[in-house]
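> What follows is a predicted structure for the sequence shown.
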Amino acid sequence: MDAMGMLLLLFIASLCLVLLLALLNVWYKYWWIPHRIHFIINSQGIYGPPYEFIHGNSKKIVRMQREALSKPMGLWHDIFPRVMPHYHSWINKYGKNYLYWNGIRAQLQITEPELVKEMLRNSEKAFPKMKPTYFFYKILGNGLAATESETWTRHRKLANHAFNGETLKNVTPAVVASVETMLQKWKSEEEKEIEVFKEFKLLASEVISRTAFGSSYLEGEKIFEMLTKLTVMATRNLFSTRIPIISQLWKSTDEIEADELEKMIHETVMKIIRRREEKLLTGEADNLGNDFLGLLINSYHDSDEKNRLSIQELVGECKLSTLQG
């Protein structure tokens, strides 16, 4: 066999080895570990729907939701079986505490009040925050909702300072003006039907944007709109499963759009930050602002490294504060 043949044979052997290792990794991660977790939890007296390869119970949940929503709803207040049909069904079947699978991620559902209190107390830090999924990370970033320990404490102090009672009193005139504008609009459309949910959503967007971004509230409203789109995508893909290997080579339409929205949000926030920094440098302003964004920028420039925010944390907090509207 010549040298070229040897090289070709070596290449094919290497390729086969890589594929074999990839398949073993998929088997270990998507079959062996879930079944082992299921066995261990079952041995402790906690049961639940069986795990399905790769998808877990995600497909079943989607089917149950579609079936529940396809049926007409009677005149009663018991909406739990309609909104959360999988929870309702599995609580009745497996008990108050059960195990189910969101893809390959094991989810221990707890509804007993005493256990819920113990977990929320988390005195020994035994229950870390769940890692956000692909789409929810686009929304939360490195903000308060996704951080823990000292980082969480630092972010929490900033939020408390920006949104305490005394500080919020200063934005009361802006809130009143926004409400009056909305009411005037309603008066001019007395004979038309008004979609109140949409109107209050717009009001909340304007109010929180003024609170968080001050004079740059129009850009804040744009950020709010983009985050709303991301939230819709995250909800739509809540029970979608990322297929191993394929998901690393190919992105869905929602994933591509989510990446674009995340990039646009980052650029919008950075534009607002640069504008404030330039005004301070040119003497047009005495400070970076007394609103939440001003506090964040000051923390970003803090001389003490322990208190300094990274740019990712700053943008994450802007996302979260805007979304709270």
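It's in. Residues are numbered from 1 along each chain as shown.
> Contacts for the helix or strand where Leu120 lies next, please.
In this structure, Leu120 sits in helix 113-121 according to DSSP states H and E. Residues outside helix 113-121 that contact it (C-beta atoms under 8 Å, 6 or more residues apart in numbering) are 97, 110, 127. Any C-beta I mention is one placed from the backbone N, CA and C, and that applies to glycine too.
> Just the buried ones among the residues you listed, please.
Neighbour-count burial (16 or more other C-beta atoms under 10 Å) is assigned, among the contacts of helix 113-121, to Asn97.
> pLDDT added to the contacts of helix 113-121, as TSV?
TSV is the format used below for the contacts of helix 113-121 (pLDDT from 0 to 100):
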residue	pLDDT
Asn97	92
Ile110	90
Phe127	77
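> quick revisit: how far is the helix holding Leu120 from where the chain is centred?
For helix 113-121, the separation from the chain centroid amounts to 23 Å (computed by C-alpha atoms, centre = their mean, to the nearest Å).
> Can you give me the buried ones in it?
Per 16+ other C-beta under 10 Å, helix 113-121 contains no buried residues.
> Give me the next element, helix or strand, following that helix.
helix 134-140.
> Surely His38 touches Tyr51?
Yes: if you go by C-beta atoms under 8 Å, His38 and Tyr51 touch, sitting 5.5 Å apart.
> re earlier: so which of the contacts of helix 113-121 would you say is closest to Asn298?
Phe127 (32.9 Å; C-beta to C-beta).
> Once you drop chain neighbours, what's closest to that closest one?
Of all residues not flanking Phe127 in the chain, Met119 sits nearest, at 5.3 Å (C-beta to C-beta, 6 or more residues apart in numbering).
> swap in Val83?
Ala68 (8.0 Å).
> Could you check how far that neighbour is from Ser89?
Noted for Ala68: a distance of 10 Å to Ser89, by C-beta to C-beta, to the nearest Å.
> circling back to that earlier point, just the CA atoms of the helix holding Leu120, as PDB, please.
Listed next in PDB are the C-alpha coordinates belonging to helix 113-121 (Å, rounded to 0.1, in the frame of the first residue of the first chain):
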ATOM      1  CA  PRO A 113     -45.600  24.000  51.600                       C
ATOM      2  CA  GLU A 114     -43.000  22.900  54.200                       C
ATOM      3  CA  LEU A 115     -40.600  21.700  51.500                       C
ATOM      4  CA  VAL A 116     -41.100  24.800  49.500                       C
ATOM      5  CA  LYS A 117     -40.300  27.000  52.500                       C
ATOM      6  CA  GLU A 118     -37.100  25.000  53.200                       C
ATOM      7  CA  MET A 119     -36.000  25.400  49.600                       C
ATOM      8  CA  LEU A 120     -36.700  29.200  49.600                       C
ATOM      9  CA  ARG A 121     -34.900  29.600  52.900                       C
END
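> I'd like the average pLDDT over it.
Across helix 113-121, pLDDT averages out at 86.
> now stretch 289-305
Rounded mean pLDDT across stretch 289-305 is 77.
> Look up which helix or strand Val207 falls in, please.
Going by DSSP H and E, Val207 is in helix 196-213.
> Tell me the buried residues in that helix?
For helix 196-213, a neighbour-count test (16+ other C-beta under 10 Å) marks 202-203, 205-213 as buried.
> now the angle from the longest helix seen in the chain to helix 196-213?
When the chain is parsed with DSSP state H, its longest helix is helix 253-282. Interaxial angle, helix 253-282 versus helix 196-213 (axes from the mean of the first three to the mean of the last three C-alpha atoms, to 10 degrees): 40 degrees.
> Quick check: buried residues in helix 253-282?
254-255, 258, 261-262, 265-266, 268-269, 272-273, 276.
> dump the residue contacts of the most centrally placed residue in the chain.
Central residue of the chain (C-alpha atoms, centre = their mean): Phe136, 2.7 Å from the mean position. Phe136 makes contact with Ala234, according to C-beta under 8 Å, 6+ apart.
> how close does the residue lying closest to Val315 once chain neighbours are set aside sit to Lys96?
Spatial nearest neighbour of Val315, excluding adjacent residues (C-beta to C-beta, 6+ apart): Val269 at 5.0 Å. As for Val269, its distance to Lys96 is 43 Å (criterion: C-beta to C-beta).
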